[in-house]
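[1] Got a predicted structure plus its sequence, pasted below:
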Amino acid sequence: MNILLVEDETRVADFIVRGLQSEGWTVTCAGDGERGLELLAQTGFDIVLLDLMLPGISGQETCRRMRARSHFMPVLMLSALDSMKDRIEGLHVGADDYLPKPFNFDELVARIKAMVRRANAFRGAGDVHVLEFKGLRLDTRSAILSIEGEEVDMTSREREIMALFLSNQGKVFARERILNAIWGAQKDPLTNVVDVYIGRLRKKLGPLGDELQTVRGLGYRLGR
């Protein structure tokens, strides 16, 4: 696995790099967001570990620029800032998950494995690799979602959610079911991360956003 770590605190970076290398993974470290973006333009990475508080451009802005430049690998934000506002802002700009500092190293490794496993499963999912609904089309092999032929920028986590709904059109999914399917068991069932992502997807889907319906007291569904 090839990992990009964007972390400006040398001691923290060294600790993470040594630990991840002991897992047999390749780790490249950048001390700020600008350098991280340069490395992304040069090399393919399986996942990005991104500190929130960076010199120069922030981790949030770095993530925003990553997505704008079509770097759609999973992003795990690391930060000592652990308020709900900080977490939601990280998700809004394109992060896939958020791990507050200080963290248990085993949990970091588990989250990395789970995020990359889901991304790989998504790219190679089954024999049916094109999912369609009205003017919406998701190719799970190329990881491209389009509306009426126009590509829509999606993070890896957003594509996973869309794949779940497109594969089960008309089926109602409770928030807990979506959390388990997309994030796994590590997420607190009381978190509002599902609602945040549904809101983001509705905006990105434009007129088709209304098809991502709230079923009061039950959850969400795509179409009827």
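    That came in fine, so what should we check first?
[2] what's the helix or strand for Phe165?
    Using DSSP states H and E, Phe165 sits in helix 156-166.
[3] Show me what that helix is packed against.
    In terms of contacts (3 or more Cβ pairs under 8 Å, 6 or more residues apart in numbering; DSSP states H and E), helix 156-166 is packed against helix 105-123, strand 130-133, strand 136-139, helix 193-205, strand 219-222. Glycine gets a C-beta too; all of them are placed from N, C-alpha and C.
[4] dump the residue contacts of the residue nearest the centre of the chain.
    Geometric centre of the chain, nearest residue: Asp96, 2.3 Å, by Cα atoms, centre = their mean. By Cβ atoms under 8 Å, 6 or more residues apart in numbering, the contact list for Asp96 reads Pro74, Val75, Leu76, Met115, Thr155, Ser156, Arg157.
[5] how about a cut-off of 6 Å?
    Pro74, Val75, Thr155, Ser156, Arg157 (Cβ atoms under 6 Å, 6 or more residues apart in numbering).
[6] Pull the number of nearby residues for the second one.
    Val75 is flanked by 28 other residues according to other Cβ atoms under 10 Å.
[7] Test my guess that it contacts Ala95.
    Yes. Using Cβ atoms under 6 Å, Val75 is in contact with Ala95, at 4.7 Å.
[8] Now do the shared contacts for those two.
    Cys63.
[9] roughly how far apart are the residue nearest to the centre of the chain and Glu38?
    22 Å (Cβ to Cβ, to the nearest Å).
[10] How about Val193?
    Val193 is 30 Å from Glu38, by Cβ to Cβ.
[11] Pick out whichever of those two has more residues nearby.
    Applying other Cβ under 10 Å to Val193 and Glu38 shows that Val193 carries more neighbours, namely 21 against 12.
[12] follow-up on the earlier one: average pLDDT across the helix holding Phe165?
    Averaged over helix 156-166, pLDDT sits at 89.
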